[in-house]
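Trainee: predicted model and sequence below, questions to follow.
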Amino acid sequence: MIPQSQVSCQTDSSDRGTWQSQLISAIRDPEVLCQRLRLNTSDLSLSAQAHKDFPLLVPIAFAELMETGNPDDPLLLQVLNRSEEDTNPPGYSDDPLQEQGFNPLPGLVHKYPGRVLLIVTGKCAINCRYCFRRSFAYGDNNPGRQDWQAAISYIRERSNITEVIYSGGDPLSAPDKHLAWLTEQLEEIPHLKRLRIHTRLPVVIPDRINDDFLSWVTKSRLRTQVVLHINHPNEIGEELIKAVKKLINAGIQPLNQSVLLRGINDSVETLQALQEAGFDAGIMPYYLFCLDRVRGASHFEVPLNKAHKIWTELQQRLPGYLVPRLALEEPGENSKTLL
Ligand code: SF4
């Protein structure tokens with residue numbers, strides 16, 4: 001964790017306004033982000049094309065966790081449009097998991113038996129440069145309320161589906177009113193048992209865990225699981241800790257999944273610190289994913305043998321309940337491949 005004294009211009013979360021206003025005021029210009037961190041863009045080798053294809057987007061609450069004056073800050077490197085994105089070795093593509101082939105209806109991805117993914121929104125609060133959906137066809141997967149009925153019928157007609165996963169984009173960038181409505185529709189399907197929400201939003205805007213969210217999520221008959229996405233221990237600041245406490249007080253045990261990223265968290269020390277800081281905050285480890293080979297992200301890849309070596313050492317250092325499962329998603333497979 002960065003000592004608070006090294007963190008740039010901290011603001012009290014109450015000064016930032018609602019999570020929606022924090023979304024609107026997120027930083028969208030690499031120059032502005034760099035100025036804030038007292039870095040010179042001309043020293044950083046940025047790619048204008050990468051920013052055009054997948055624009056920089058960083059909420060202020062997340063930028064405040066970055067270290068001023070450090071061009072290698074692990075949080076900054078996750079969001080900065082670096083020139084390495086312009087190199088695309090063979091094997092990298094826009095749809096590395098071939099999800100388009102599992103997208104029978106707008107807004108619905110059905111890859112695994114027993115569970116379906118609903119693309120609740122294409123929007124995110126942050127643009128992570130390694131994201132495997134950075135080129136996903138969100139335009140074709142943005143159903144209105146009427147269109148959702150088709151997805152709901154699809155689930156109703158398949159009694160083996162017991163779990164729905166809200167995904168995106170980031171599903172929590174959708175308004176609570178919409179999420180509450182969709183959840184109510186799903187609750188009427190008798191064979192559905194669980195709702196899972198995969199989100200990075202509370203990590204980058206902790207104020208997202210508010211009363212409006214807790215009110216619909218806690219009154220649902222579906223057992224709800226929140227899976228956060230945290231890659232580095234510096235992402236676990238005081239505000240996230242408070243947000244996690246609210247989830248736990250509401251009866252929700254948050255899990256965490258991370259992506260193994262070169263230059264960011266590819267060391268046993270960093271991953272150990274991440275699991276320990278997460279556990280102290282009340283978050284349990286879930287998955288540590290190897291990178292999906294999406295175009296523009298090759299500079300983040302950690303070779304599989306190195307990934308396995310790091311994970312083996314992590315296993316030796318930590319009790320079993322603090323070791324995330326090392327996994328890889330392979331197109332066409334019925335489940336994640338554990339390494
Ligand atoms: S928040 Fe999630 S979906 Fe959005 S860019 Fe980051 S990794 Fe991708």
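Mentor: Ah, there it is.
Trainee: which strands and helices sit next to the least confident helix or strand in the chain by mean pLDDT?
Mentor: Within the chain, no helix or strand scores below strand 337-338, which has a mean of 82 by mean pLDDT, DSSP states H and E. Applying 3 or more C-beta pairs under 8 Å, 6 or more residues apart in numbering; DSSP states H and E, one finds that strand 337-338 contacts strand 325-328. Any C-beta I mention is one placed from the backbone N, CA and C, and that applies to glycine too.
Trainee: which bits of this protein sit near the ligand?
Mentor: Contact residues, the chain versus the ligand (C-beta under 6 Å from any ligand atom): 124, 126, 127, 128, 131, 133, 168, 169, 170, 200, 229.
Trainee: can you map out the strands along the stretch 51-200 of the chain?
Mentor: 108-112, 115-119, 163-167, 194-199 (DSSP state E, counting those that start in this stretch).
Trainee: of the residues of the chain next to the ligand, closest to residue 242?
Mentor: Residue 242 lies nearest to residue 200 out of the residues of the chain next to the ligand, by C-beta to C-beta, at 17.1 Å.
Trainee: ok, now which ones touch that closest one?
Mentor: 124, 125, 126, 128, 170, 228, 229, 230 (C-beta atoms under 8 Å, 6 or more residues apart in numbering).
Trainee: surely residue 135 touches residue 297?
Mentor: No - here residue 135 lies out of contact with residue 297, judged by C-beta atoms under 8 Å, at a distance of 10.7 Å.
Trainee: ok, residue 250 - how many residues close by?
Mentor: Applying other C-beta atoms under 10 Å, we find 15 residues neighbouring residue 250.
Trainee: next up, phi/psi of it, please.
Mentor: phi -90, psi 0 (degrees, to the nearest 10).
Trainee: for it, what are its contacts?
Mentor: Per C-beta under 8 Å, 6+ apart, neighbours of residue 250: 214, 217, 218.
Trainee: could you tell me how far it is located from the ligand?
Mentor: Distance, residue 250 to the ligand, using C-beta to the nearest ligand atom, to the nearest Å: 22 Å.
Trainee: which pLDDT value belongs to the residue nearest to residue 48 when sequence neighbours are not counted?
Mentor: Leaving aside its sequence neighbours, residue 48 sits nearest to residue 81 (C-beta to C-beta, 6 or more residues apart in numbering; 7.9 Å). Residue 81 is assigned 97 on the pLDDT scale.
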